[in-house]
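**Q** A predicted structure for the sequence below; I have some questions about it.
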Amino acid sequence: MRIGEMVRRTGVSERLLRYYEEQGLLTPARLASGYRVYADSDVAAVRRIRTLLAAGLPTATIAQVLPCIRDDGTTLTPVCPELVAQLRRERGRITDAIKELQASQGILDTVIAAGPVGND
DNA sequence: GTTCTAACA
DNA sequence: TGTTAGCA
């Protein structure tokens, strides 16, 4: 199928579909015309990509993860053992990000508390 | 009408 | 990411 049908079947925009390809997440074939040709399996692949993106993984990591993951339609299961270690590192990165955001929140709270409202 | 690449009020 | 321009 060409990109138009992929848009209808995945709900993902053309722009994003091309971006996924640029990031190495999808590798559609090409017609002599230059038009992209997606495999039926790419529809499910996009669903996996979206799940991994929602998990906060960077596209570079997703590109590595996709080939080592099993998809039963509901759950994504890591197949390669080194993949689990990679995922744990990503989780740690998210933990650090949360801490930094909480630090920012704390500083803002201090500034807000010192303001006109609630400061008289 | 559909897709492509490149670029940005 | 959206959108738009200019092609094929």
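**A** That came through fine.

**Q** so who does A:A63 touch?
**A** A:Q23, A:G24, A:L25 (Cβ atoms under 8 Å, 6 or more residues apart in numbering). (Each C-beta comes from the backbone N, C-alpha and C, glycine too.)

**Q** let's go with 6 Å and repeat that
**A** Each residue near A:A63 by Cβ atoms under 6 Å, 6 or more residues apart in numbering is listed here: A:G24, A:L25.

**Q** gap between it and A:G24?
**A** As judged by Cβ to Cβ, to the nearest Å, A:A63 and A:G24 stand 4 Å apart.

**Q** Now for chain A: which helix has the highest residue count?
**A** Counting by DSSP state H, the longest helix found in chain A is helix A:81-113.

**Q** Could you list the buried residues of that one?
**A** For helix A:81-113, the buried set under the neighbour-count rule, 16 or more other Cβ atoms under 10 Å, comprises A:L83, A:Q86, A:L87, A:E90.

**Q** Give the closest residue to the last one in space, chain neighbours not counted.
**A** The reference is to A:E90. The shortest distance from A:E90 to any non-neighbouring residue, by Cβ to Cβ, 6 or more residues apart in numbering, is to A:L57 (5.6 Å).

**Q** For chain A, just list every one of the helices.
**A** Using DSSP H, helices in chain A cover A:3-10, A:14-22, A:41-54, A:59-65, A:81-113.

**Q** For the shortest one, which residues meet the burial criterion?
**A** To tie it back to what came earlier, the one meant is helix A:59-65. For helix A:59-65, using 16+ other Cβ under 10 Å, the buried residues are A:T61, A:I62, A:A63, A:V65.
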